[in-house]
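S.K.: What shape does this take:
(one chain, ligands or ions: 1)
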Amino acid sequence: MLVGIGPGSTEHMTVRARAAIAEADTIIGYVTYIKLVADLIEGKEIVRKSMTEELDRAIEALDRARAGKKVALISSGDAGVYGMAGPTFEVLFQAGWTPPARDENGQPDPDGIEVEVVPGASALNSCAARVGAPLTHDFCAISLSDLLTPWPTIARRLDAAAAADFVVALYNPKSGRRTRQIVEAQRLFLRHRRPDTPVAIVKSAYRRREKITFTTLDAMSEADIGMLSTVLIGNSNTVVQYGLMVTPRGYANKYDLQGDGAARAGERRGRSLSTGLEGWLENLQIDHAAGDSLENLAQRHRLPLDYIRETLLNPLAAASDEPSEDSSASVVLDK
Ligand code: SAH
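M.R.: The predicted structure follows:
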């Protein structure tokens with residue numbers, strides 16, 4: 001069982017994660033995580049490993065499972081997010097492991113080794129929850145650790161995410177030895193984002209030494225950031241108010257939130273925005289017919305020229321009469 005234990009407090013562990021740990025004969029994990037679940041593991045075989053022994057942990061888990069033990073390999077957050085799930089499957093594949101065959105009742109072959117991944121709240125979920133609602137629009141995670149990833153790969157992703165206006169969660173932002181990565185990330189972001197873009201730094205979310213810092217993109221690298229911090233960088237619409245970092249979902253684009261909550265002029269409840277795909281395409285065709293060049297259109301919309309050309313060659317079919325998609329919102333907004 002590859003168990004994600006969440007940010008670190010037992011309240012934020014899932015029921016299945018607790019049960020998986022309770023069922024296990026052997027618990028394998030990084031020392032800190034073993035400590036976080038100390039109250040659940042009395043009387044079990046414990047294998048503590050240091051941070052750099054990830055593959056050893058996976059190999060050890062396989063050895064114990066082959067010997068007939070039920071093993072819980074624990075990761076903080078979610079085991080599949082920069083965690084042990086990937087390396088464990090890699091070790092399993094290398095060792096020639098295959099998922100056990102199932103009988104007609106769906107029961108696995110008792111001689112095989114079953115693998116279960118138990119999901120947990122990842123640092124981006126818990127850190128976001130501590131500061132408000134920063135991930136309510138498109139976001140991505142980027143790890144600044146260059147221990148296993150070349151810097152140009154990391155830098156390209158930072159540049160692309162910054163340019164595309166994603167909210168970004170930076171994992172592994174800084175350690176004793178890796179101090180320059182966060183400065184480089186800041187420089188790459190400042191090429192695309194305003195200096196006053198809100199940034200939240202959450203250290204040890206839901207743990208004893210939790211610390212939350214609000215800052216801005218131009219000041220972020222001077223903040224107290226460490227191995228146990230996640231850095232959340234807002235997008236161009238993210239705000240901080242009353243100590244809460246919030247990224248708008250987009251309702252204000254469509255509805256008059258100050259007034260009676262009615263749809264704005266030109267917008268229809270339950271339908272794509274007037275600047276959604278169909279409306280946008282219609283205007284694109286109008287602009288093109290009025291003499292706007294492909295180059296101009298590509299530049300204005302910051303989209304590849306090829307894409308604009310092909311889009312104009314493939315006009316959409318007439319709008320269909322689908323049922324309303326954001327009807328749940330209308331319940332809230334209809335006063
Ligand atoms: N599997 C983990 C991530 C492991 S990588 C998960 O899903 O959360 C380790 C990085 O995760 C740290 O450098 C930090 O950026 C982040 N992290 C993990 N736990 C955290 C916590 N409680 N508070 C803040 N950041 C955390």
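
S.K.: Now the closest residue to the ligand within the stretch 1-150 of the chain: closest residue in space, sequence neighbours ignored.
M.R.: Closest to the ligand within the stretch 1-150 of the chain is residue 77: 2.0 Å, counting by C-beta to the nearest ligand atom. For the C-beta atoms, the positions are set from N, CA and C on the backbone; glycine is no exception. Using C-beta to C-beta, 6 or more residues apart in numbering and skipping the chain neighbours, the partner closest in space to residue 77 is residue 122 (4.2 Å).

S.K.: That neighbour is in contact with residue 75, isn't it?
M.R.: No - in this structure residue 122 lies outside contact range of residue 75 using C-beta atoms under 8 Å: 9.8 Å.

S.K.: Secondary structure element holding residue 158?
M.R.: helix 151-163 (DSSP states H and E).

S.K.: Listing partners with orientation, what would you give for the helix or strand following that helix?
M.R.: Per DSSP H and E, the first helix or strand lying C-terminal to helix 151-163 is strand 167-171. The pairing partners recorded for strand 167-171 under DSSP bridges are strand 139-143 (parallel), strand 229-233 (antiparallel).

S.K.: Give me the common contacts of residue 122 and residue 75.
M.R.: Shared contacts of residue 122 and residue 75 (C-beta atoms under 8 Å, 6 or more residues apart in numbering): residue 4.

S.K.: circling back to that earlier point, look at the residue of the stretch 1-150 of the chain closest to the ligand and report its pLDDT.
M.R.: What the model reports as pLDDT for residue 77 is 97.

S.K.: Any idea what it is bridged to?
M.R.: Bridge pairing for residue 77 (DSSP bridges) gives the partners residue 6.

S.K.: surely it meets residue 120?
M.R.: Yes - Residue 77 lies in contact with residue 120 (C-beta under 8 Å); the separation is 5.7 Å.

S.K.: Now do the shared contacts for these two.
M.R.: With C-beta under 8 Å, 6+ apart, residue 77 and residue 120 have common neighbours 4-6.

S.K.: Kindly reformat these as a markdown table containing neighbour count and pLDDT.
M.R.: Formatted as a markdown table, those follow (neighbours: other C-beta atoms under 10 Å; pLDDT from 0 to 100):
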| residue | neighbour count | pLDDT |
| --- | --- | --- |
| 4 | 26 | 97 |
| 5 | 29 | 96 |
| 6 | 25 | 96 |
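
S.K.: which residues of the stretch 201-335 of the chain fall in strands?
M.R.: 211-216, 229-233, 239-241, 244-246 (DSSP state E, counting those that start in this stretch).

S.K.: Please enumerate residues in contact with the second one?
M.R.: The one in question is strand 229-233. Strand 229-233 is contacted from outside by 123-124, 127-128, 131, 134-135, 167-171, 173-174, 182, 189, 193, 197-205, 217, 220, 225, 245, using C-beta under 8 Å, 6+ apart.

S.K.: quick one, phi psi at residue 2?
M.R.: Residue 2 adopts backbone torsions of phi -100, psi 100, taken as degrees, to the nearest 10.

S.K.: Residue 118 too?
M.R.: The phi/psi pair for residue 118 (degrees, to the nearest 10) reads phi -100, psi 110.

S.K.: go on, residue 46?
M.R.: Backbone phi and psi, for residue 46 under degrees, to the nearest 10, turn out to be phi -120, psi 130.

S.K.: So it sits against residue 27, correct?
M.R.: Yes - shown here, residue 46 and residue 27 form a contact pair, counting by C-beta under 8 Å, at 5.3 Å.

S.K.: who touches both of the two?
M.R.: residue 34.

S.K.: Please list the residues of the stretch 201-335 of the chain that sit near the ligand.
M.R.: 202, 204-207, 227-230 (C-beta under 6 Å from any ligand atom).

S.K.: where does the stretch 101-250 of the chain have low pLDDT?
M.R.: Within the stretch 101-250 of the chain, not a single segment meets pLDDT under 70.

S.K.: Now with 90, please.
M.R.: Counting by pLDDT under 90, the stretch 101-250 of the chain contains low-confidence ranges at 108-111, 250.

S.K.: Run the chain-centre distance for stretch 89-103.
M.R.: 28 Å (C-alpha atoms, centre = their mean, to the nearest Å).

S.K.: Name the residues that touch that stretch?
M.R.: By C-beta under 8 Å, 6+ apart, stretch 89-103 touches 55, 58-59, 62, 108-109, 111-115.

S.K.: now stretch 22-36
M.R.: 1, 5, 8-10, 21, 37, 40-41, 44-51, 57, 60-61, 64, 69-76, 207.

S.K.: which among those residues end up buried?
M.R.: 1, 5, 8, 21, 37, 40-41, 47, 49, 57, 60-61, 64, 71-76, 207 (16 or more other C-beta atoms under 10 Å).
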